[in-house]
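Asks: Take this sequence and fold it.
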Amino acid sequence: MEKRLGIIGIVIEDPQRTEQVNNILHQFAELFLGRMGIPCKERGIGVITLIADGTTDQLSALTGALGRINGVSVKSMLSKQIN
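Replies: From the prediction side, this is the model:
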């Protein structure tokens, strides 16, 4: 299968959903080249950015699973280059 490099931005607006998000990220851990998490305590939210390398099906499954969690927003951008 052809793979693409991309970035995924996750905003956790409900801190009670953090464990659920981390469980999903653990399931897809083999896709990640890098991860950065920033807690914004004064706003009560967390922000996670991921650098991922996977097939479009894998990346869509990841973002779809995260996007179905209430209180979590997800956006992704994939490179045009396919390997």
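
Asks: Look up phi and psi at N70.
Replies: N70 adopts backbone torsions of phi -60, psi 140, taken as degrees, to the nearest 10.

Asks: hang on, it packs against Q16?
Replies: No: if you go by C-beta atoms under 8 Å, N70 and Q16 don't touch, sitting 9.8 Å apart. Any C-beta I mention is one placed from the backbone N, CA and C, and that applies to glycine too.

Asks: list the helices and strands the longest helix seen in the chain packs on?
Replies: Assignment by DSSP state H gives helix 56-67 as the longest helix of the chain. When contacts are defined as 3 or more C-beta pairs under 8 Å, 6 or more residues apart in numbering; DSSP states H and E, helix 56-67 packs onto strand 4-12, helix 18-27, strand 45-54, strand 72-78.

Asks: Low-confidence ranges, this protein, go.
Replies: For the chain, no stretch is flagged by pLDDT under 70.
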